[in-house]
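Q: Pasted the sequence and its predicted model underneath.
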Amino acid sequence: MRNNNKLYVAFRTAAPATFPILAAFLFLGIAYGIYMNVSGFHVINTFLMSSLIYAGSMEFLTVHLLLGAYHPLSALLFALMVNARHLFYGISMLEKFKGTGLKKLYLIFGLCDESFTINYSAKIPEGVDRGWYMFFVTLLNHCYWVVGACIGGVFGSIFHMNMEGLEFVMTALFVVIFIEQWKSGSTHRSALVGVVISILCLIIFGRDSFMIPAMILIIAALTITRKQQEPVGETA
C-alpha cells in the first residue's frame, strides 16, 4: 500500500509539469501520423516507429530513408548525427539518474529534449520519490507522442486530403525552438557556430549532401570549445 501511494504521489506531482508538452506532442504527433499515412505506411507502422524510435525529427527523416535507396551505413551515420546532442544530455543526467534502479534503462531510452528539460531543472518536493518522478515525466511525454501519432495515422486513413508540404512541420518546429532558445540564452555562441558551419557546408557540399558533414563539424566545434559554451539546457 505504501509503495502504491509513493507511485501515486510521484505521478500526481509529475503530470502537471508535462501538460505543456501534451499540447505540443499531440499536434506534432498527429502531423507525423498523417505524414506516415500519406507516405504509404499503415497505422501499425506509425505506432511501432513512434514507440520504438521515439525521436521526433529522426522519425520524420526515417520516412525518407525507408522510401529511398537502401544505404544502411548512411542511415546509421545520419541517425547518430541528428541525435548526437543526446550525448551531452546523458552526461548531464549521470548524477540525477543515480540510484533509480531498473528505471534508469527507460529513463535513458526516453531521454528526449522535453523530458530532459523537465527532469534536469525540476525542483522535486520533499517526500516525492525522485526516480519515479522522472520516470512518470518520461513515460507521459512518450505516451503523448505515441497517441498523437496514432491519431494522425487513423485520421489520415479516414480523411483523404492534399497533404503536400506537411513534412515542413519539422522545419517549422526547429525554427521555433531555435528562436526561443536564442531569446532565452545568455550568449549565442553555439547557435552562431551551428548556423555558420551549416551555411558553409551547404555551399561546399550542396543541399543533398551537406547535413552529415555539417553535423560532424558542429559536434567537433562544440566539443573543442565546450569550456566556453553556456550550461546545457540554456544554449541553442
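A: Received it, and whenever you're ready, just let me know what you need.

Q: any idea how far the residue nearest the centre of the chain lies from residue 71?
A: By CA atoms, centre = their mean, the chain has its centre lying nearest to residue 112, at 4.2 Å. Here the criterion is CB to CB, to the nearest Å. By it, residue 112 lies 26 Å from residue 71. Quick note: C-beta positions are derived from backbone N, CA and C, even for glycine.

Q: Could you do residue 96 as well?
A: Counting by CB to CB - residue 96 and residue 71 are separated by 37 Å.

Q: With residue 6 instead?
A: 48 Å.

Q: quick one: low-confidence ranges for the chain?
A: 1-3, 161-174, 176-177, 180-181, 184-186, 226-236 (pLDDT under 70).

Q: that older thread, so what does the residue nearest to the centre of the chain have for phi and psi?
A: Phi and psi for residue 112, reported as degrees, to the nearest 10, are phi -90, psi 170.

Q: Tell me who's in contact with it.
A: 54-56, 141-142 (CB atoms under 8 Å, 6 or more residues apart in numbering).

Q: between the residues you listed, which is nearest residue 80?
A: In terms of CB to CB, no member of these lies closer to residue 80 than residue 55, at 11.3 Å.

Q: In this structure the closest one contacts residue 80, no?
A: No. Using CB atoms under 8 Å, residue 55 is not in contact with residue 80; the gap is 11.3 Å.

Q: Neighbour count for those two, which is higher?
A: residue 55 (19 against 15; other CB atoms under 10 Å).

Q: Can you list the residue ranges for helices in this structure?
A: 2-38, 43-52, 56-67, 72-82, 85-92, 103-109, 113-121, 130-158, 168-184, 189-205, 211-224 (DSSP state H).

Q: List the buried residues in the second one.
A: Of the residues in helix 43-52, those buried under the neighbour-count criterion (16 or more other CB atoms under 10 Å) are 43, 45-47, 49-50.

Q: Which strands and helices lie in contact with it?
A: helix 2-38, helix 56-67, helix 130-158 (3 or more CB pairs under 8 Å, 6 or more residues apart in numbering; DSSP states H and E).

Q: out of these, which comes closest to residue 207?
A: helix 56-67 (13.6 Å).

Q: I appreciate the help and will end here.
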